[in-house]
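[1] Model the following, please.
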Amino acid sequence: MPLSGPDDILRYDYDGLTAEFDRRFGKGEYHAGALFRSLYRRGESDPGLLPEFAANPSLAQAVRGAFQYALPREAGRSGDGETYKFILKLRDGLESESVVIPMRQYKSLCISSQVGCKMGCTFCETAQMGYLRSLDAGEIVAQVMVARHVLKEPIQNVVFMGMGEPMDNLDNVLQAVRILSDQRGLNIAQSAITVSTVGHVDGINRLARLAAQPPPHGFSRLRLAVSLNAPNDAIRSRIMPINRQWPLAALKEALRNFPLAHKDDFLFMEYVLLAGVNDAKEHALEVAEYLRDLKACVNLIPYNPRLDSPYGRPEKDGVADFYHWLMEAGQYCRIRGTKGKDSMAACGQLGNRALRRTGARSLAGETSPAVT
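    Numbers count the residues shown, from 1 in each chain. Take a look at the predicted model:
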């Protein structure tokens, strides 16, 4: 049955768009592929401008009526220099938040997979919103399209570390990865895409099965990051409710079975250092022991406080001490530099609590104030 009304073209991967052209218009890859390349490489969605459609203007008109390409408008921005967060107003009045992060040789984009989050981590600002809804694949891809084609940022790396738990929306996340990584379009290699989870074991196991499949249908080079954040179940259950469902033993079993396709691949273990909570020497030794038989890299993140946070940020010397304790115990680790903390654009700081308080209906059509 034909779909009614224009369909968001950003939801379609290359094969899906080709199949849809065949179903709707009796046309194939010649036309669908040309539009896909134009859309993602140049941000141009008008088929009438493409030579492949020149001999068939009626087809171009039919495609215009069948698909829409309308990126969400920017509703706010805040940042510290080159690191900045941009807010996109979604069709129902809710908002996605994304962060442009300059690295040494490229720019990375931290994107959201949901509006809010249901995981309830006590140190995270997004958790204070609760869960509002998941983003569809087109809304996820739109964040990268805005960065590339509107903000003109040369994004070469994408991390699903914004609002939401990606494993709680895995179908849409994986569809977005297919689109983002397609060499005929945005061409962001899967090895430059990281999916971060609080430790959603069912999602990790499902992704592991998909990662074991050969290309082009598998996700063997997709990188996995896990928010560990605690050395034992007692502390982790207190700050991360997910641990009550999947404690550290269950998480480790899932990580042990996760395939690493390349000799240089690691499991990335994110560890937010909370002053006086999880940053003592005994904690470092417990973390090293827990990861002993896993090929893992610990990313140490000095805490970026949420609003009204009960936790403190460790001193610089304390972060350095934790790093050295891990390294001396034989655990490879890195200290992640803090970017965007003062403008609520850093790790764990995304989210608009007003959306939870007032609801999407009252916010529809309004513009969030930009923060400078």
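
[2] okay, which residue is most central for this protein?
    For the chain, Phe160 is the residue whose C-alpha lies nearest the centre (CA atoms, centre = their mean; 1.5 Å).

[3] Poorly predicted segments of this protein, please.
    1-5, 215-216, 338-372 (pLDDT under 70).

[4] would you list every one of the helices in it?
    Along the chain, counting by DSSP state H, helices occupy 14-25, 29-42, 57-66, 137-145, 170-181, 201-211, 233-239, 242-245, 248-256, 281-290, 316-328, 353-358, 360-363.

[5] The ones you listed: which one's closest to Leu300?
    Minimum separation from Leu300 across these (CB to CB) falls at helix 316-328, 5.9 Å. Bear in mind the C-beta positions are built from the backbone N, C-alpha and C, glycine included.

[6] Between helix 281-290 and the closest one, find me the angle.
    With axes from the mean of the first three to the mean of the last three CA atoms, to 10 degrees applied, the angle from helix 316-328 to helix 281-290 works out at 30 degrees.

[7] and helix 316-328, which residues are buried?
    Judged by neighbour count using 16 or more other CB atoms under 10 Å, the buried positions of helix 316-328 are 318-319, 321-323, 325-326.

[8] With stretch 66-86 instead?
    For stretch 66-86, using 16+ other CB under 10 Å, the buried residues are 66-67, 69, 71-72, 74-79, 83-86.

[9] go on, stretch 151-163?
    Neighbour count says stretch 151-163 has 151, 153, 155-163 buried, by 16+ other CB under 10 Å.

[10] Can you flag which of those belong to strands?
    Among the buried residues of stretch 151-163, the members found in strands (DSSP state E) are 155-160.

[11] if I pick Pro6, what's in contact with it?
    Pro6 is in contact with 65-68, counting by CB atoms under 8 Å, 6 or more residues apart in numbering.

[12] Could you dump the residues you listed into CSV with distance to Ala142 added?
    Shown next, in CSV, are those (distance: CB to CB, whole Å):
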residue, distance to Ala142
Gly65, 21
Ala66, 19
Phe67, 14
Gln68, 12
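
[13] Among the residues you listed, which one sits closest to Gly33?
    For the contacts of Pro6, the nearest to Gly33 is Phe67 (14.4 Å; CB to CB).

[14] What distance do you get for the closest residue to that closest one other than its chain neighbours to Arg91?
    Nearest residue to Phe67 in three dimensions, chain neighbours excluded: Ile9, at 4.2 Å (CB to CB, 6 or more residues apart in numbering). Applying CB to CB, to the nearest Å, the value for Ile9 to Arg91 is 14 Å.

[15] for Pro47, same thing?
    Pro47 is 23 Å from Arg91, by CB to CB.

[16] Which one of the two is surrounded by more residues?
    More crowded of Pro47 and Arg91, by other CB atoms under 10 Å: Pro47, with 24 against 10.

[17] mind listing what that one touches?
    Pro47 neighbours (CB under 8 Å, 6+ apart): 31, 34-35, 53, 59-60, 63-64.

[18] filter those residues to the buried ones?
    In the contacts of Pro47, burial by neighbour count holds for 31, 35, 53, 59-60, 63, counting by 16+ other CB under 10 Å.
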